[in-house]
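>>> model the following, please.
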Amino acid sequence: MLGAHDSHEPDARRRAAEAAEAHEQGLAARREERRRRGAFYTPPALVEWVLDRALDGLAPGAPVLDPACGAGHFLVAAARRVGVAAVHGSDLDADAVRIARERLAAEDPTVPAEQIAAQVVVADGLEAWAGRRFAAVVGNPPFLGQLRRRTAGQSEASRRGLGAYTDTSAVFLHRSLDLVEDGGVVAMVQPLSVLAARDAGPVRAAVTGKGAVVDFWCSPEPVFEGTPVLTCVPVVRVGRRPVSVPATDPDGWGTLAAPAFGIPAVHLPDGAGAVGDLATCTADFRDQYYGLVPFVRDDPSGTPLVTSGLIDPAESRWGRAPTRFARRGYDVPSVDLAALRADGTLAAWADARLVPKLLVASQGRVVEAVVDEAGAWLPSVPVLSVVPHDPADLWRLLAVTLAPPVVAHAAARYLGTGLTPGSVKVSARQLAALPLPTDPAAWAEGAELARQAQHAAAADRPALLAATARVMTTAYVGTDESLAWWTDRLTTPSRRGAPS
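Okay, the predicted model is just below:
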């Protein structure tokens, strides 16, 4: 350890560590305060993992910053590698900053208290270090969404044009890219949603523009006491790029985390086009959701309203399973189409949806879709509608959604955007971007099998779905790994009757 003074340090360190533990326990007991701050303290093993990568090769005295340092876990561990005089931190919690200073003073009493006070300050870390450059920026910034960010007093100026719903932790990652010198490292704990969430897109693009993800950690289980949020750590080297790094597509980093979730790697062929070449993919939103509410009935004679919970692969469970819409339970949710058209507000919308189409559930353990041959169903938000330019392509499109390589591709690329880590979620834009197969003969066979699967009796459908999956794996020149993975997920029970 740098700057050790062993004659009296152990007691001072112990007292400082105990103060930090008491502070954290007190905050944990005040759950609402912890939730408001988005403060969850980092397990020591993860701190060491981050520092092993971020500080590798740094000389003693190389400056290191934790812009949301809390009680100093990262600072103390970093100080043992580069020295107390080299670490800097900030936090809005004055008590936590005081404890961090005490812990650093216990590490090396030769560093003046005034110097430590200048290095570790009570301030908003998004703004406090403008113009400074560090060899590494590390830490576990607060996880705060839009509403909690406002109540916590976070400055909107520091967000610099990022999406309205970008989590504060991702804003810290984005800001830190400007705080490291060329060749420096940024390694910050992030919610798993940073991998593919739309509003984190500018953050991912900034990383790709300024550097590269050179290492990555994530866990399929929660590791922070007091929150179910799943987390990850992208280790970003700014400026100088290594010869070989993992892919960091701004549209999604999910492939970095896929191995931790058991999602097989797939390499889909290029050049055959995408779903959007054959169909228009549409998502409906709150106007349609709330607009439908007055016209929904439990009536088997009405126009079926199909929720996400009623869609299985090649199967609609409407009328055979209960579901929920607008916080109410229904056995046969239907729309009074005559009343809706008389009202006029959603008449044009209903006419546009009452055409032959594919309905795709917003998320599931696999991509779940069913064909509406007659154009007789209305989608419930957030069900996606896929309307082919040529109705003859309906079954070919259904076969694409049943292709294990496509599902594995979507599961990996958009990992972190679903309500649960095991769900596969795609937006209308992402659905339109799914690639088409390169083997037309196998695709045609898969389309016919998909048609048979949807029309089959319940007892016969599993075998036909399995046959479709095998053929469509061949159509994409896929691997047996993706087929086995898809089959396992298809046969694993999932939550039914979820609110749509």
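
>>> how about residue 142, secondary structure?
With DSSP: H, G, I helix; E, B strand; the rest coil as the basis, residue 142 sits in coil.

>>> wait, it sits on residue 188?
No: Residue 142 is beyond contact range of residue 188, at 11.0 Å (criterion: Cβ atoms under 8 Å). Quick note: C-beta positions are derived from backbone N, CA and C, even for glycine.

>>> so which of those two has more stuff around it?
Taking other Cβ atoms under 10 Å, residue 142 and residue 188 do not tie; residue 188 has more neighbours (28 against 24).

>>> can you pull the phi/psi pair for the more buried one?
phi -130, psi 140 (degrees, to the nearest 10).

>>> got a list of what it touches?
Listed by Cβ atoms under 8 Å, 6 or more residues apart in numbering, the contact set of residue 188 reads 137-141, 169, 172-173, 176, 233-234.

>>> recalculate using a threshold of 7 Å.
For residue 188, the contact set (Cβ atoms under 7 Å, 6 or more residues apart in numbering) comprises 138-139, 141, 172-173, 176, 233.

>>> now residue 282
Here residue 282 is in contact with 384-385, 428 (Cβ under 7 Å, 6+ apart).

>>> neighbour-wise, give me the winner out of these.
residue 384 (25 neighbours).

>>> wait, residue 176 touches residue 137, no?
Yes: at 4.1 Å, residue 176 counts as touching residue 137 under the criterion of Cβ atoms under 7 Å.

>>> overlap of the contact sets of those two?
67, 186.

>>> following the chain past the lowest-mean-pLDDT helix or strand in the chain, name the next helix or strand.
Least confident helix or strand of the chain, by mean pLDDT, DSSP states H and E, is helix 146-151 with a mean of 38. Going down the chain from helix 146-151, the next helix or strand is helix 168-176, by DSSP states H and E.

>>> any idea how far that following helix is from the chain center?
Remark: helix 168-176 is offset 15 Å from the chain centroid, using Cα atoms, centre = their mean, to the nearest Å.

>>> equivalent analysis for stretch 208-225, please.
Relative to its parent chain, stretch 208-225 has a centroid offset of 11 Å by Cα atoms, centre = their mean.

>>> again, but for stretch 313-331
Averaging C-alpha positions (Cα atoms, centre = their mean) puts stretch 313-331 27 Å from its chain's average.

>>> quick check: buried residues in it?
Neighbour counts using 16 or more other Cβ atoms under 10 Å place 313-318, 323-326, 330 of stretch 313-331 among the buried residues.

>>> what's the end-to-end length of that stretch?
20 Å (Cα to Cα, to the nearest Å).

>>> how about the residue nearest to residue 468 when sequence neighbours are not counted, phi and psi?
Nearest residue to residue 468, sequence neighbours excluded (Cβ to Cβ, 6 or more residues apart in numbering): residue 449, at 4.1 Å. When read as degrees, to the nearest 10, the backbone of residue 449 gives phi -70, psi -40.

>>> show the pLDDT at residue 449.
Looking at residue 449, its pLDDT stands at 98.

>>> same question, residue 6
46.

>>> now swap in residue 252 and tell me
pLDDT, read off for residue 252, is 72.

>>> wasn't it part of a helix?
No: read with three-state DSSP, residue 252 is coil and lies in no helix.

>>> can you pull the contacts of it?
195-196, 413-414.

>>> from those residues, which ones fall inside helices?
Secondary structure from DSSP state H places residue 413 of the contacts of residue 252 in helices.

>>> picking up where we left off before, the residue nearest to residue 468 and residue 469 touch, don't they?
No: taking contacts as Cβ under 7 Å, residue 449 lies outside contact range of residue 469: 9.0 Å.

>>> coming back round to it: in JSON lines, list the contacts of residue 282 along with pLDDT.
Below are these laid out as JSON lines (pLDDT from 0 to 100):
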{"residue": "384", "pLDDT": "98"}
{"residue": "385", "pLDDT": "98"}
{"residue": "428", "pLDDT": "96"}
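
>>> going by distance to residue 356, which of those wins?
residue 385 (10.8 Å; Cβ to Cβ).

>>> re the thing from before, could you export the contacts of residue 188 as a markdown table, including pLDDT, neighbour count and distance to residue 296?
Converted to a markdown table, those look like this (pLDDT from 0 to 100; neighbours: other Cβ atoms under 10 Å; distance: Cβ to Cβ, whole Å):
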| residue | pLDDT | neighbour count | distance to residue 296 |
| --- | --- | --- | --- |
| 138 | 98 | 31 | 51 |
| 139 | 97 | 31 | 48 |
| 141 | 94 | 27 | 43 |
| 172 | 96 | 24 | 43 |
| 173 | 96 | 27 | 42 |
| 176 | 97 | 28 | 48 |
| 233 | 97 | 23 | 45 |
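
>>> going by distance to residue 303, which of the residues you listed wins?
Proximity of the contacts of residue 188 to residue 303 (Cβ to Cβ) peaks at residue 173, which lies at 46.6 Å.

>>> okay then, goodbye and thanks.
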